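Colleague: need the 3D shape of this:
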Amino acid sequence: MSSNTMRRRLKLIGTVISPILAMLSGCAGQPTTTFEPFTPEDLNAKLQSGYTQKVDDFLVIVDASDSMDSTYLGTGFPEASSVDKFSVAKEFLRRMNQTIPDLKLNAGLRTFGFGPCLSWSFTKLNAPLAPYSAASFQSNLDSVECSSGGSPMGKALQEASSDLQASQGNVAVILVSDGKQAGGEPREAVKRLKQQLGDRLCLHTVWVDNPHGPGQALMGILPVIAGCGTSSAVGDVVSSAGAGDFVTKVFLKPGAVEDCSTRDSDADGVNDCDDQCRDSPKGAKVNRAGCWVLTNVLFDTDKATIKPSSHSELDEVVQVFDENPGLRVEVDGHTDSRGSDAHNLDLSQRRAEAVREYLVHHGVAADRLTAKGFGESKPVADNESVEGMSLNRRVELNVMK
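Modeller: Model (predicted):
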C-alpha cells in the first residue's frame, strides 16, 4: 500500500471518528456545581385561599444537546461560576419540582439531542406519563446525566403527541432549552400538537442561555403558536418567588368567580345577574331591576306638579342623601308613548326638575343633583297596556360617578 493511500485512509477514519469522540466528550461528565440552598414557596397556602388546580398532566421536554454544554453567563445563580447550561436547566427543574404543591397529577419527561446520552436516538422518553410524586420526578431527572449531539427540538415535540395520546385532561408541556439550531421544524410540531389537544394544551418555555442568545425568539414564539402558555428566561424563575410564580401560572388558577346569582354587590336585595343598577346607595328602595325608582311620585295628567301623596317617598330620598354624604344623583324623567316625541321630552324634563327642586328645598345641596328628561325613549315595559304605560311613567335616580 502506497504512503498516499495510507494517509487518505487515516484521514477518512479520522473524519468518521472525530464527531463520535466529540459526542463522547460531551457526555463524559458535566461540570458539577454546588448551587445555593433553595427554599420553595409554600403554594399549598394558595390552594387553601381559593386557588384550584388547572392542569392534569404535564410533560417536561429538556434540551440535552451539546449546545447545552457551554458555560451559562446569565442571571439567577450568583453563586455559580463556570456552570454549564445543562446543569442550570436541571437545577431549575429541581426547584420547580420542589415548589409544586399537593396536586393529583401525571408527569412525564423527555429529552432531545443525539448520541450515547440519549441511547443513540434523537429524542428519548426518559419517563412516560405516570402518577406524579416529587421523589419519582427527581429520580427521573437525575437519570438524565449528560448532553450531546444536535438539537432536534421538533422531533421531541412530535413525539410528545404520542406521549400525551392517552391524556384526557388539561396538559402543560414545559420546554427547557437554549433554542439554538433547533431542528425538526418545532413550529410545525407545536401546530400539530395544538390540533391534537386543542384548548387542553398550554406550552411553557424556559429559555436557558446567555444574554442576546439567538434562540430566545424561537422560545418566545412557540407558546404564541400554541395559543396558551408562557415564555420565561431561566434567571427569572429560579428564585423562591420566581419559581413560585412560574408554578402558579402553569399549575394553578384563581378560585372560581362567585356566581352572580348569589352575589349582590350593592346590597339592594337584587342579585347581580338581574341588577341593572349595581351602585344603588345605602337605604335606597329599588325596583325589580335593582334601580332606584320613585314608584309613588305622581303627577296630574300632562302636568309637572308633584301631588302631596308623593311627599313621603321624596322625604325618604332626602334621608338617603343624609346617609350617603358623597352621593350625587341625576334625576331622570320618563313618560309613556302617548303624545308627540317633543311634548313627552319636555314633560319628562319638567317632571325631573320638579323632583330636583323638591329635594333641594328639603335640604339636599343643589350641586348634588341634576335633572334630565328622556321622554318616551327609554321604556321599561310595553306601551300597549295600562300597566305597561304606568311603569314607563317614572322618575329614576341614577348615581353619578
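
Colleague: who's in contact with the strand ranked longest in the chain?
Modeller: If you go by DSSP state E, the chain has its longest strand at strand 123-131. With CB atoms under 8 Å, 6 or more residues apart in numbering as the test, strand 123-131 has contacts from 57, 59, 105-113, 118, 136-137, 140, 143-144, 152, 155-156, 159, 163-164, 166-167. For every residue, glycine as well, the C-beta is placed using N, CA and C.

Colleague: same thing with stretch 244-258?
Modeller: For stretch 244-258, contacts defined as CB under 8 Å, 6+ apart pick out 40-41, 43, 46-47, 49-55, 58, 96, 99-101, 103, 105, 172, 174, 202, 204, 206, 230, 232, 237.

Colleague: just the buried members of these?
Modeller: Using 16 or more other CB atoms under 10 Å as the burial test, these include 40-41, 43, 46-47, 51, 53-55, 58, 96, 99-101, 103, 105, 172, 174, 202, 204, 206, 230, 232, 237 as buried.

Colleague: where does pLDDT dip in this structure?
Modeller: 1-33, 256-259 (pLDDT under 70).

Colleague: number of nearby residues for Pro116?
Modeller: 15 (other CB atoms under 10 Å).

Colleague: show me the strands in the stretch 101-250 of the chain, by range?
Modeller: For the stretch 101-250 of the chain, strands defined by DSSP state E, counting those that start in this stretch occupy the ranges 106-112, 123-131, 171-177, 201-207, 229-233.

Colleague: any idea of the angle the shortest one forms with strand 171-177?
Modeller: In other words, strand 229-233. Orientation check (axes from the mean of the first three to the mean of the last three CA atoms, to 10 degrees): strand 229-233 against strand 171-177 gives 20 degrees.

Colleague: ok, the longest one next?
Modeller: Angle of strand 123-131 versus strand 171-177, following the same axes, to 10 degrees, is 140 degrees.

Colleague: any idea how far the nearest residue to Leu47 once chain neighbours are set aside is from Phe92?
Modeller: Leaving aside its sequence neighbours, Leu47 sits nearest to Pro101 (CB to CB, 6 or more residues apart in numbering; 5.8 Å). Going from Pro101 to Phe92 by CB to CB, to the nearest Å gives 18 Å.

Colleague: next one: Lys249
Modeller: From Lys249 to Phe92 the distance is 15 Å (CB to CB).

Colleague: out of the two, which sits in the busier spot?
Modeller: Between Lys249 and Phe92, counted using other CB under 10 Å, Phe92 has the larger neighbour count: 25 against 17.

Colleague: in a strand, the more buried one, correct?
Modeller: No - counting by DSSP: H, G, I helix; E, B strand; the rest coil, Phe92 is not part of a strand but helix.

Colleague: would you enumerate the residues in contact with it?
Modeller: 176, 206, 208, 234, 237-238, 243.

Colleague: which of those lies closest to Asp332?
Modeller: The shortest approach to Asp332 among the contacts of Phe92 belongs to Val237, at 53.6 Å (CB to CB).

Colleague: compare the strands of the stretch 101-250 of the chain and give me the one nearest Gly290.
Modeller: strand 201-207 (38.3 Å).

Colleague: quick check, Ala160 in contact with Phe112.
Modeller: No - contact between Ala160 and Phe112 fails when scored by CB atoms under 8 Å: they sit 10.2 Å apart.

Colleague: quick check: neighbours shared by these two?
Modeller: With CB under 8 Å, 6+ apart as the test, Ala160 and Phe112 both reach Ile61.

Colleague: of those two, which one has the most company?
Modeller: Comparing Ala160 with Phe112 by other CB under 10 Å, the one with more neighbours is Phe112, at 31 against 27.

Colleague: now do that one against Trp292, distance only.
Modeller: Taking CB to CB, one finds Phe112 at 65 Å from Trp292.

Colleague: next one: Ala342
Modeller: In terms of CB to CB, Ala342 sits 28 Å off from Trp292.

Colleague: list the buried residues in stretch 179-198.
Modeller: Applying a neighbour-count criterion of 16+ other CB under 10 Å, one finds 179-180, 182, 184-186, 189-190, 193-194, 196-197 buried in stretch 179-198.

Colleague: ok, those residues vs Ala352, which is closest?
Modeller: Lys194 (56.6 Å).
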